[in-house]
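**Q** pasting the sequence and the predicted coordinates here, then a few questions.
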Amino acid sequence: MPPEHRRLSFEALPGIPEVQPGDALDAHIVRALEAGGMELGPDSIVVVAQKIVSKAEGRFAWLDEVVPSERAHELACVTGKDPRLVALTLAESTRVLRAVPGVLIVRHRLGYVMANAGIDLSNVPGEGGRERALLLPLAPDRSAAALRAALRARTGKSVGVIISDSFGRPWRNGVVNVALGSAGIPALIDRRGEPDRHGRTLQITQTAFADAIAAGAAIVMGEGDEGMPVVLASGFLPAAPEVDCKTLLRPLEGDLFQ
């Protein structure tokens, strides 16, 4: 029987500092938990913005060191984007899906379909007048698993971890946070074969659990200058096998838009 009452909560952790390459994110998170009077529990999921994971992993590129290719210059002329950013986008991608003024949509090397390969300049401090771009983590699921293990070693608690980023969506304005990587949770919950309330068998229902949690966490995390890149989500005890975020990627043969 389903529970009579279900309550979920999202709390942004205060006091996360500007993350530097090599920083231990678990140490930052534990200090922020203590400062905020919060504790990890068996129903906790720690949602971490991709940006601070990339910063800790040193996923920077100096723009003045990028030499754009002829193809990058061509796409820069079409899109109106900086040729150096286009060059970085191409290096992180396997295919250009759409290039029009102001828009460059690619298939990222990890399988995501996204704008500009997720490369970002916002909230990325430069140095000595030089500009830096920030790339996605090399392996977000692996990064999530490593952070989960580090938190367990430091606190003794086994919690879920999600690495989130903001994505645009076809036919919808605005961005929504989704999960790039996860550990300790069912990123995708497959309910096909289960009965609905009237005894009919569910045929296609698969719940993007990790994406749903990432989207909820974004409300308290913010998208601008809030400086709240870590959220403690509580109240989640899904009865489903653990699978990581690779299960959320639609295979190429099932791509509805290419």
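**A** Noted; the coordinates are in hand.
**Q** and the residue lying closest to residue 135 once chain neighbours are set aside, how close does it get to residue 246?
**A** When the adjacent residues along the chain are set aside, residue 135 lies closest to residue 59, with 4.4 Å between them (Cβ to Cβ, 6 or more residues apart in numbering). For every residue, glycine as well, the C-beta is placed using N, CA and C. According to Cβ to Cβ, to the nearest Å, residue 59 stands 19 Å off from residue 246.
**Q** same question for residue 149.
**A** Taken as Cβ to Cβ, the span from residue 149 to residue 246 is 18 Å.
**Q** just residue 69 next, same as before
**A** From residue 69 over to residue 246 the distance is 30 Å, taken as Cβ to Cβ.
**Q** ditto for residue 216
**A** 22 Å.
**Q** more neighbours: which of these two?
**A** residue 216 (19 against 14; other Cβ atoms under 10 Å).
**Q** wait, isn't that one in contact with residue 233?
**A** Yes - taking contact to mean Cβ atoms under 8 Å, the distance of 6.8 Å between residue 216 and residue 233 places them in contact.
**Q** now for these two: what residues contact both?
**A** 8, 10 (Cβ atoms under 8 Å, 6 or more residues apart in numbering).
**Q** still on that earlier bit, I figured the residue nearest to residue 135 hits residue 132, correct?
**A** No - between residue 59 and residue 132 there is no contact, the gap being 10.0 Å when judged by Cβ under 8 Å.
**Q** state the phi and psi torsions of residue 105.
**A** Main-chain dihedrals, residue 105, degrees, to the nearest 10: phi -100, psi 130.
**Q** show me what contacts it?
**A** Residue 105 is in contact with 96, 97, 98, 99, 113, 114, 115, counting by Cβ under 8 Å, 6+ apart.
**Q** go on, residue 63?
**A** 82, 84, 85, 130, 131, 132, 133.
**Q** wait, doesn't the fifth one sit right on residue 65?
**A** No - when contacts are counted by Cβ under 8 Å, residue 131 is not listed as touching residue 65 (10.5 Å).
**Q** who's more crowded, those two?
**A** residue 131 (16 against 9).
**Q** in PyMOL, select just the buried ones from the contacts of residue 105.
**A** In PyMOL syntax, the buried subset of those is picked out as below (16 or more other Cβ atoms under 10 Å):
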select buried, resi 99+113+114+115
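**Q** since that was my last question, I'll sign off now.
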